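Engineer: Sequence first, then the predicted structure, then my questions.
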There are 2 protein chains.
Amino acid sequence: MSHMGYPRLMSVDREQVLRSAAALLTRKSTATMDEVARAAGLSRATLHRHFAGRDALVRALEELGIQECEAALDAARLDEGSADDAVRRLVKEIEPAAGLLSFLVTENQLFEGDTQHEGWARLDARIAGLFTRGQERGEFRIDLTPAWLTEALYCLIGGGAWAVQDGRVAAKDFQHMIVELLLGGARRRVEP
Amino acid sequence: MSHMGYPRLMSVDREQVLRSAAALLTRKSTATMDEVARAAGLSRATLHRHFAGRDALVRALEELGIQECEAALDAARLDEGSADDAVRRLVKEIEPAAGLLSFLVTENQLFEGDTQHEGWARLDARIAGLFTRGQERGEFRIDLTPAWLTEALYCLIGGGAWAVQDGRVAAKDFQHMIVELLLGGARRRVEP
DNA sequence: CCTCAATGAGACAAAGATGTCTCACATGGG
DNA sequence: CCCATGTGAGACATCTTTGTCTCATTGAGG
């Protein structure tokens, strides 16, 4: 009777299903729809009722990931203060989405031909803009392009998430390891 | 008449098949055996005659990748001179294997349960040893663990290879981008 | 209590990939 | 020339995953 897109009675929480799917697919990107369903605590039939197919599920994950990243970028207030501090805030805010992000980044790599979600372009532009700002302020060296620094940020976040999950890096050190490496490499250094 | 394991007449070059397979699988990790065969310029039947199955193919790729990485590490003479220069030599020597390496790294992530190839542990130990040496020499900061720096090196090589292949970074800048970022983050900095 | 929506379980066909096989072709050596 | 070996093409069964369907059950609201 509801005129909303979603039924009033939601026994399964769409958000939570997506989260558990992300957690599983981050570890095993080839997981079956059945495995995803089990991991989310529901049957394959119900999973199919919420997401038309595997593609739709991945699309929804992509949507969620982009949404979380944009929220993280908003919360990090990239335009305020020094670029250095902004990068620190960015890594801090984006950490909860690191697992999902790393899955989506590697997933995107095999979208070769297809036109990818415009959201990624927006995110790339915002992050690259932060590094450009840092260069213009004289904080960051100019021989490392903003595009590369952006790529490196994605890489390090993905690698960091995986290293933490694998026990090679302590979870509490996640931000420090990434920020120090990235900023250490990006900052202009005082020649001794 | 030959007592060797391989026939005298090798119309297909095993090495070259592996290289084209690596090139394809790096771009599309879910490529079919048929696609791999076509990319190598031979039929699926012949590919099967040389590699019992997909698993065997991936194992062979793993073997090749480890072999190339070990050769790169040997050529880089990690124990000689400053750790800083050794890292530069390492990145330079390992660049040709970057694509294959990035494929194998992401492929290894879904080997969850299985015991992974001992070669990886050897490589990890040698690279981590280089960073440890840099720390002991006072070149590198000690708050970034060798394990993390090793992981970061893998990440940046993979990301760099992908960025180059995607046109976001010029191929000639590959070494510079990776080395400067990694060393910039790893080096002890003179506090201003 | 009754109803209806959401779910779980399972059956089912379709599609794709894999592994194996046979047969024909060609190419180099004896 | 003849033969053996390597290859390509294709057929074939099998397996897995997927997408769709039906049917029974559950649980909350009227």
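Structural biologist: Good, I have the coordinates.
Engineer: Check the spacing between the nearest residue to residue A:93 once chain neighbours are set aside and residue A:162 real quick.
Structural biologist: Once flanking residues are discounted, residue A:93 sits nearest to residue A:72: 3.9 Å by Cβ to Cβ, 6 or more residues apart in numbering or on different chains. Quick note: C-beta positions are derived from backbone N, CA and C, even for glycine. To residue A:162, residue A:72 is 19 Å away according to Cβ to Cβ, to the nearest Å.
Engineer: do the same with residue A:91
Structural biologist: From residue A:91 to residue A:162 the distance is 16 Å (Cβ to Cβ).
Engineer: swap in residue A:56?
Structural biologist: Applying Cβ to Cβ to residue A:56 and residue A:162 gives a distance of 26 Å.
Engineer: again, but for residue A:43
Structural biologist: Using Cβ to Cβ, residue A:43 is found at 30 Å from residue A:162.
Engineer: do residue A:94 as well
Structural biologist: 15 Å.
Engineer: so after the helix or strand of chain A with the lowest mean pLDDT, what's the next helix or strand?
Structural biologist: Lowest on mean pLDDT, DSSP states H and E among the helices and strands of chain A sits helix A:98-108, with a mean of 89. The first helix or strand that comes after helix A:98-108 along the chain, using DSSP states H and E, is helix A:118-136.
Engineer: C-alpha coordinates for that following helix, PDB please?
Structural biologist: C-alpha atoms of helix A:118-136 as PDB (Å, rounded to 0.1, in the frame of the first residue of the first chain):
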ATOM      1  CA  GLU A 118      30.800   9.200 -13.400                       C
ATOM      2  CA  GLY A 119      31.100   9.300  -9.600                       C
ATOM      3  CA  TRP A 120      34.600   7.900  -9.900                       C
ATOM      4  CA  ALA A 121      35.600  10.800 -12.100                       C
ATOM      5  CA  ARG A 122      34.100  13.300  -9.600                       C
ATOM      6  CA  LEU A 123      36.100  11.600  -6.700                       C
ATOM      7  CA  ASP A 124      39.300  11.600  -8.800                       C
ATOM      8  CA  ALA A 125      38.900  15.200  -9.600                       C
ATOM      9  CA  ARG A 126      38.300  16.200  -6.000                       C
ATOM     10  CA  ILE A 127      41.300  14.300  -4.700                       C
ATOM     11  CA  ALA A 128      43.500  15.400  -7.500                       C
ATOM     12  CA  GLY A 129      42.400  18.900  -6.800                       C
ATOM     13  CA  LEU A 130      43.500  18.600  -3.200                       C
ATOM     14  CA  PHE A 131      47.000  17.600  -4.400                       C
ATOM     15  CA  THR A 132      47.000  20.400  -6.900                       C
ATOM     16  CA  ARG A 133      46.100  22.800  -4.100                       C
ATOM     17  CA  GLY A 134      49.000  21.500  -2.100                       C
ATOM     18  CA  GLN A 135      51.400  22.100  -5.000                       C
ATOM     19  CA  GLU A 136      50.100  25.600  -5.500                       C
END
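Engineer: Pull out the buried residues from that helix.
Structural biologist: A:120, A:123-124, A:126-128, A:130-135 (16 or more other Cβ atoms under 10 Å in any protein chain shown).
Engineer: Contacts (any at all) between chain B and that helix?
Structural biologist: No. Helix A:118-136 does not reach chain B (Cβ under 8 Å from any Cβ of the partner chain); its nearest approach is 9.2 Å.
Engineer: Can you show me the CA trace of stretch A:84-97 as CSV?
Structural biologist: Taking C-alpha atoms only, stretch A:84-97 is exported to CSV below (Å, rounded to 0.1, in the frame of the first residue of the first chain):
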residue,chain,number,x,y,z
ASP,A,84,48.8,18.4,4.5
ASP,A,85,46.1,18.4,7.2
ALA,A,86,43.5,17.9,4.6
VAL,A,87,45.1,14.6,3.5
ARG,A,88,45.3,13.5,7.1
ARG,A,89,41.6,14.2,7.5
LEU,A,90,40.8,12.5,4.2
VAL,A,91,42.6,9.2,5.2
LYS,A,92,41.0,9.3,8.6
GLU,A,93,37.5,9.8,7.2
ILE,A,94,37.9,7.2,4.4
GLU,A,95,39.3,4.5,6.5
PRO,A,96,35.9,2.9,7.3
ALA,A,97,35.3,2.5,3.5
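Engineer: which residues of chain A score low on pLDDT?
Structural biologist: Low-confidence segments of chain A, defined by pLDDT under 70, span residues A:1-12, A:109-114, A:189-192.
Engineer: May I ask you to name the longest helix in it?
Structural biologist: helix A:54-76 (DSSP state H).
Engineer: Now do that helix: which elements does it pack against?
Structural biologist: On a contact count with 3 or more Cβ pairs under 8 Å, 6 or more residues apart in numbering or on different chains; DSSP states H and E, helix A:54-76 meets helix A:14-27, helix A:33-40, helix A:83-94, helix A:98-108, helix A:118-136.
Engineer: Are the fourth one and chain B in contact anywhere?
Structural biologist: Read that as helix A:98-108. Yes. Contact between helix A:98-108 and chain B, assessed by Cβ under 8 Å from any Cβ, occurs at residue A:106.
Engineer: Name the surrounding residues that touch that helix.
Structural biologist: With Cβ atoms under 8 Å, 6 or more residues apart in numbering or on different chains as the test, helix A:98-108 has contacts from A:22-23, A:25-26, A:29, A:58, A:61-62, A:64-65, A:68-69, A:94, A:116, A:120, A:154, A:157-162, A:165, A:174, B:106.
Engineer: can you do 7 Å?
Structural biologist: With contacts defined as Cβ atoms under 7 Å, 6 or more residues apart in numbering or on different chains, helix A:98-108 is touched by A:22-23, A:25-26, A:29, A:58, A:61-62, A:64-65, A:68-69, A:116, A:120, A:154, A:157-158, A:160-162, B:106.
Engineer: Check the shortest one too.
Structural biologist: Outside of helix A:33-40, the residues that reach it under the criterion Cβ under 7 Å, 6+ apart are A:17, A:20-21, A:24, A:43-44, A:47, A:54.
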